[in-house]
Each structure stands twice: as C-alpha cells, then as structure tokens.
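# Just need the structure, nothing else, for what follows:
(chains A, B and C)
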Amino acid sequence: MATGRKIKISEYLETLPPEFFLRDTVTVARELLGVTLVRRLEDGTVLSGPIVETEAYTQDDPACHAFRGKTPRCSVMFGPGGFAYVYFIYGMYNCLNVVTEAEHTAGAVLIRAIGAEGTNGPGKLCREWSIDRSHNGVNLMDAGSPLWLSKSSSTSSEDVEVSTRIGLSVAQDRPWRFTVRNHPSVSVGGSKRNSKPRVANS
DNA sequence: GGGCCGATTGTT
DNA sequence: ACAATCGGCCCG
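Numbering: from 1, shown residues only, chains lettered A, B, ... in the order given. Alright, predicted model coming up:
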C-alpha cells in the first residue's frame, strides 16, 4: 500500500484548461509547482505525484531548443500549450516538458522533479515512469492520455523559490528555475553551479 | 556525410 | 573531473 495522502481516482481526472497553458512560459513554470503529474502505464497501473521543480524555456532564450527556429524535434513547442514535448538527450535520457504559449509561439517548461520515489531529476523521472519520445505531443489536458496533468495543487506561493537553471552553457543567469522549498526531491545547492534559491515574487 | 555537443547522471 | 552513449543540427 502506497503511503501519502489519500486521493480519489476521480481527482486525477480533473484536468487543467487550455487557458492555463496558453500563457507566459515563466508564469506557467511557477504555477505548475504542486500540480499533479499522472502517468497511466500500458498495464493500467497509475502513477502520480506533485511537480516540485520546473524550468522555463522561451523562444528568445539561447538555451531553448526552439531558439534557432522550428525543427522536426522541437516542432511541438510551436503548437499550442498543454501538450508534452519529450526529447532524447545525452544518448541515454529522455526529458519531459509541458508546452506553453499560444500556437506559433514556442515555449516549454521542463519538469525536473516529482514528489515521488526515484523521480528527482528530469532523466530519472522519465526512466522511472517509462516516459519516452513516443509521448511527444500527447495531450496533457486529457485524462485519457498515457500522461496528463490534474488539478489538486498543493503548493502555496510562499513556498516557491526561484533560482537559475541547471546544466546550461548559455543564458545561465536567467532566474527561471522554480522549486518547492525544502522538498526532498529537489536537489539542494549540491555540486551544480546554480544560484541559491530565493523566495519567488508572487 | 562528418563531426561536435547536449535542458543528465553516477562514478572516479 | 569525466565517462556513458546517440540523435540533432550545423557546416561543407
């Protein structure tokens, strides 16, 4: 029996509206904290957990895959918000993003950690929950998808901290990483050279 | 077609 | 500090 607060399956079915995603990417990145990511495996098993670490990537951001324009890989980022962008990296990991902004404007939020075992890190999350490029483009606003987002936000704004993004060689100074304060799934300071988290402005 | 490098992770 | 491991993308 899994531990954690009890939640009715019906709560997982309450999805977020398109308007939530059709907004400024940095705003969505901040507000995705606490939102529940739900994964239904092929055998019917349902996994879920709150998002606790995100990063924003925008079209005018040199670190964004869409910075140099639309390519087959990043094309979903140019579609409307609310869909998954999954890419393969370093020859061994997949990373899950939530597409943002209106159609024709690229933007996405990298999901870096979930409040569930073995999901502390974008590569580990996808490995643990069997998320790969076959999920690129899936509708995250549809509880019938193999992957979707549900309401039941559990993070108050005063628990949101902001810092610089991890693992970049360019645009390292943008304060576009959002984390839930003191959450064990969020890597603290550590060996990565990123700024100390500061309380985010509401 | 070639070559370089990456929104990572775990080990040395 | 660095290896693992390979697809995407830029250049020619």
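# C-alpha from now on. contacts and neighbour counts both.
Noted.
# what about the closest residue to DNA strand C within chain A, how many residues close to it?
Residue of chain A nearest DNA strand C, by C-alpha to the nearest atom of the strand: residue A:91 (3.2 Å). By the measure other C-alpha atoms under 10 Å, the count of residues near residue A:91 is 6.
# Backbone torsions only: list them for it.
phi 70, psi 0 (degrees, to the nearest 10).
# Any regions of chain A where pLDDT drops low?
A:1-9, A:153, A:188-193, A:202 (pLDDT under 70).
# Tell me the residues of it that contact DNA strand B?
Applying C-alpha under 7 Å from any atom of the strand, one finds that chain A approaches DNA strand B through A:57, A:63-66, A:89-93, A:95, A:97, A:108-110, A:112, A:120-125, A:166-169.
# Which of those residues fall within strands?
With DSSP state E as the criterion, strands contain A:57, A:89, A:93, A:95, A:97, A:108, A:109, A:110, A:112 from among these.
# Write the PyMOL selection for whichever of those residues are buried.
The following PyMOL line selects those of those that are buried, judged by 16 or more other C-alpha atoms under 10 Å:
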select buried, chain A and resi 57+93+95+97+108+109+110+112
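# mind giving me TSV with the ones in strands among the residues of chain A next to DNA strand B and columns for distance to DNA strand C?
Below are these laid out as TSV (distance: C-alpha to the nearest atom of the strand, whole Å):
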residue	distance to DNA strand C
A:57	14
A:89	6
A:93	8
A:95	12
A:97	15
A:108	14
A:109	17
A:110	16
A:112	17
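# From the ones in strands among the residues of chain A next to DNA strand B, pick the one nearest residue A:148.
Nearest to residue A:148 out of those is residue A:97 (C-alpha to C-alpha; 11.6 Å).
# The nearest residue to the closest one once chain neighbours are set aside pairs with what?
Leaving aside its chain neighbours, residue A:97 sits nearest to residue A:110 (4.3 Å; criterion: C-alpha to C-alpha, 6 or more residues apart in numbering). For residue A:110, the beta-bridge partners are residue A:55, residue A:97 (DSSP bridges).
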